[in-house]
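K.L.:
this one's sequence-less:
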């Protein structure tokens, strides 16, 4: 696509997203807001795991921390929303860096299990620090009943996340992250400080996840550890990204929209069996579209483009 | 006995063998030499079924084996010693050898083969209870040879069997190859160690950049000025 | 200090640990042989538990007699899953096997919910509540028998892997799949068998769990998490390590519940898991596979 | 251990040692890949590193570039001890390398591969791609190149940041003869411009033509060290490597 056409598409899309809430009400607006949040969460997961190949199996830890820091600051300390959210982001970033130092040395399945253990430990800790978090009873936040507010805050954050990923993809930082996924040792002997790069991406993803968590808490007005630290949320980020195509800008967006819309439809239509369909969908994607929906499109497209050129002369 | 005809093979889109034709007749020792990157390993993997040729045919003992996976090719009684360490490191020498006779249905046949192999490699009999991973490089290489013989193969493929071994051990391994051949065994030897490989071969092929460059009796190639200069470093 | 509660906690932990060891050994065997992290292991435990439950309710088969049937059924389920699905993704990156087995777990769990509803169920037999007092410690007979059976299964697994031809083929495949193929071992068949054995062990643990605890279709996730912990503690892919990991985890669980309170139990487990993973990635015994 | 022939070599800058390995040992499961090895390499030369497979050549590269840690011994570069440094810091010090088994980034394009090295310069990337004849493939995924082309890409990638000291692990294996000549010429030019190379190579033609000094390893030990003419006639080398 030409640059102009691209910008035009982006402009139209953006205008559409800004105007959209005024044509929707109640349930539908909530759904679109929810979908935007998942687009952002999947993109955030992709930002670190999709590009570096380190599978974060516990991203919900940072989401939950963000939710609780925001909630506790608002409820117990009377801080207003945005400062509380900011504090949540900073704290989660620090937590991510502290976790990253020991865990980013281990790879593959071990990293996945370590991050999962971290998220479960954090959930359990939150449950137990009942002086601060009210434990299993959950926390009630000040009620702010303005669907437009949450729509636009989430839209803004998601646009920021996607723009960040798009920007990173164009910089050396992005290339570096991919090189870590493709061959970490080779990257190191080329002078790339892989540790620092992994930490930066991990920390950044932690901050974004926490921001979503904070907004989510205020939006839902009630949170409890079992929900905001739900392992299934972690898995959903992973599944959405993989479904669309990990390590690509549009993959997680496509994946989140497809899976989000599908579960919504299936849930409404076959309330009791929709998770079976989701399971089948995951299995089918893994077996038949290993690069994801978007990844598949990109590949066939580039293959076609290359076929149109004269065949490369091999030595 | 083993016949490759115009075999084209490689990894995915990368073609490494660009049409290789070669023959190994019953009772022969045939060597394939060539520099690193010439496609020797690819050739080995293609014959043993780890890679499927993109074109061409491989026949063994009169039957087509093109495209069969390794576990089926083994059942046609071609045995091999792959490159690098390929013992089962946490199992004993005896267990390793017994696995060499995995395809024999009959227990007695396995123990008979084991007796024979122990007779050929007395040192392995001594060390039969040792865990393979604890053996020296040369001993492990012998375990691999012996394990390959447990199959009672019609032909034996060796992929760089001398790699990383001390000169003395190399001699032992090569002696075993000759012994085997004297007993009527057919051997295909893939080696980078050109001189020795040519010395013991009835016939040899020189592989370069995925194509056969020279072929002929081992001694003749060894005497060839060009081959000496290019592949032996003189 | 009164040692009594501590002794009770440790004994309870050991009794529990045996069962943990059983299903985790299956998980570890599968990981060790084909590097697949089976997120559906807990659902296989659940299937074992429900098989025993239904055999008891519908056919009035005593849970102990149903064990061979459950083992057979779960073996077939595992064999089929591997043959049809998991064999296609062997040797791919870990994310792929995580997703695939997660998809399978989602299907199994929700099929079970659909078939059997979310109700909590228990098997109550004439001997369920029986207890024995040994040296002042009250033991549930069920748990003691459960430990015994779990140990028997572990010994059986050990003998199977070390003494039989198929067992040796499994070990050979785990140690060097390419070399195994060159022995004529049909590794995809071996993988299916291995997964079947892993599933059968989960099934056995399921029966024992059904005899001791309440069961429910969504119970699987917890047991999958527990098998992670056990296997990391014992060393990933090192099957005998599951025994050690199981006991350690059982003891951590019961002692932390006794001394820190039940709500600290989970935290203790996951904090230990994280610490072990970071300080001794090869497990307490140092014999696990490290990438 | 064989006599060391260091004293026969001309030393253009006194006995400056650029890279010095001192009593280096590295074992894998009991087998010593590098066994108490002491050897040094001086600037502005092409050194050949030869020896049978398994002699420890690649292990030496891995230890020097920091991807492996020695069990014992020291490595210093221009007097700086780098034994325990991270690979990236060693690379930034000016030591570049290639791998025997090609390690390009398969899903990245050829040009992106050239953009990974720290301190890379886009215009120089294109220049080098032009040189190795890969410019027209710059936007193709690297995995779609042929074996020889991938080898060339790795060569170009190692040079894009102009390292002072380059370790090349079989740079010409699988590359066609015309390009081999070209690569050799390039290495010579770069040496004239002040760079230093260690080349692992099995192709004796390349080694003998290119290297001013050859180090022969066998079972992790240095068995000979000297100019090509000397190595060719060294009986121990003939036994261990050429002959046998």
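P.N.:
Yep, it's here. Computed from a predicted model, the values in this text were never measured in an experiment. Residues are numbered from 1 along each chain as shown, chains lettered A, B, ... in the order given.
K.L.:
which stretches in chain B count as strands?
P.N.:
Along chain B, counting by DSSP state E, strands occupy B:2-11, B:14-24, B:29-33, B:55-60, B:63-64, B:78-81, B:155-159, B:186-191, B:203-208, B:211-217.
K.L.:
and residue C:229, what's its pLDDT?
P.N.:
Residue C:229 carries a pLDDT value of 91.
K.L.:
buried residues in the lengthiest helix in chain C, which are they?
P.N.:
Scanning chain C for the longest helix, with DSSP state H as the assignment, gives helix C:4-34. Buried positions in helix C:4-34, judged by neighbour count with 16 or more other Cβ atoms under 10 Å in any protein chain shown: C:8-34. Just so you know, the C-beta spots here come from the backbone N, C-alpha and C atoms, and that holds for glycine as well.
K.L.:
just stretch C:60-74 next, same as before
P.N.:
For stretch C:60-74, by 16+ other Cβ under 10 Å, it's C:63, C:66-67, C:69-71, C:73-74.
K.L.:
how far does that stretch sit from its chain's centre?
P.N.:
Taking Cα atoms, centre = their mean, to the nearest Å, one finds the center of stretch C:60-74 at 17 Å from the center of the full chain.
K.L.:
likewise stretch C:209-229?
P.N.:
9 Å.
K.L.:
how long is that stretch from one end to the other?
P.N.:
18 Å (Cα to Cα, to the nearest Å).
K.L.:
dump the residue contacts of the spatially closest residue to residue A:204 that is not a sequence neighbour.
P.N.:
The shortest distance from residue A:204 to any non-neighbouring residue, by Cβ to Cβ, 6 or more residues apart in numbering or on different chains, is to residue A:47 (6.6 Å). Contacts for residue A:47 (Cβ atoms under 8 Å, 6 or more residues apart in numbering or on different chains) come out as A:161, A:164-165, A:168, A:201, A:204-205, A:208.
K.L.:
could you redo the last one with a cut-off of 7 Å?
P.N.:
A:165, A:201, A:204-205 (Cβ atoms under 7 Å, 6 or more residues apart in numbering or on different chains).
K.L.:
before we move on, back to that, mean confidence for the longest helix of chain C?
P.N.:
90.
K.L.:
same thing with stretch B:25-41?
P.N.:
86.
K.L.:
ok, stretch B:214-234 next?
P.N.:
77.
K.L.:
chain center to that stretch: distance?
P.N.:
Chain-centre distance of stretch B:214-234: 21 Å, with Cα atoms, centre = their mean.
K.L.:
cool, and stretch A:179-190?
P.N.:
With Cα atoms, centre = their mean, you get 25 Å for stretch A:179-190.
K.L.:
same deal with stretch C:233-247?
P.N.:
11 Å.
K.L.:
equivalent analysis for stretch A:109-119, please.
P.N.:
17 Å.
K.L.:
quick one: pLDDT of the residue nearest to residue A:204?
P.N.:
Residue A:47 carries a pLDDT value of 95.
K.L.:
I'd assumed residue C:250 was in contact with residue C:16.
P.N.:
Yes. Counting by Cβ atoms under 7 Å, residue C:250 is a contact partner of residue C:16 at 3.9 Å.
K.L.:
anything in the longest helix of chain C near chain A?
P.N.:
No. Helix C:4-34 stays clear of chain A (Cβ under 7 Å from any Cβ of the partner chain), getting no nearer than 7.6 Å.
K.L.:
residues in contact with the following helix or strand past that helix: which ones?
P.N.:
Past helix C:4-34, further along toward the C-terminus, the next helix or strand under DSSP states H and E is helix C:41-59. Residues outside helix C:41-59 that contact it (Cβ under 7 Å, 6+ apart): C:23, C:26-27, C:61, C:63, C:66, C:69-70, C:73-74, C:77-78, C:105, C:108-109, C:112, C:116, C:121, C:123, C:199, C:202-207, C:209-210, C:215, C:217, C:219-224, C:227.
K.L.:
now do the buried residues in the longest helix anywhere in chain A.
P.N.:
Secondary structure assigned by DSSP H gives helix A:194-220 as the longest helix of chain A. Residues of helix A:194-220 classed as buried by neighbour count (16+ other Cβ under 10 Å): A:194-195, A:197-219.
K.L.:
how about stretch A:160-167?
P.N.:
Buried-residue list, stretch A:160-167, by 16+ other Cβ under 10 Å: A:161-162, A:164-165.
K.L.:
ditto for stretch B:82-100
P.N.:
B:82-83, B:85-100.
K.L.:
near chain B, anything from the one helix or strand residue D:236 maps to?
P.N.:
Residue D:236 belongs to helix D:235-237 when assigned by DSSP H and E. No. Under the criterion of Cβ under 7 Å from any Cβ, helix D:235-237 makes no contact with chain B; the nearest approach is 10.2 Å.
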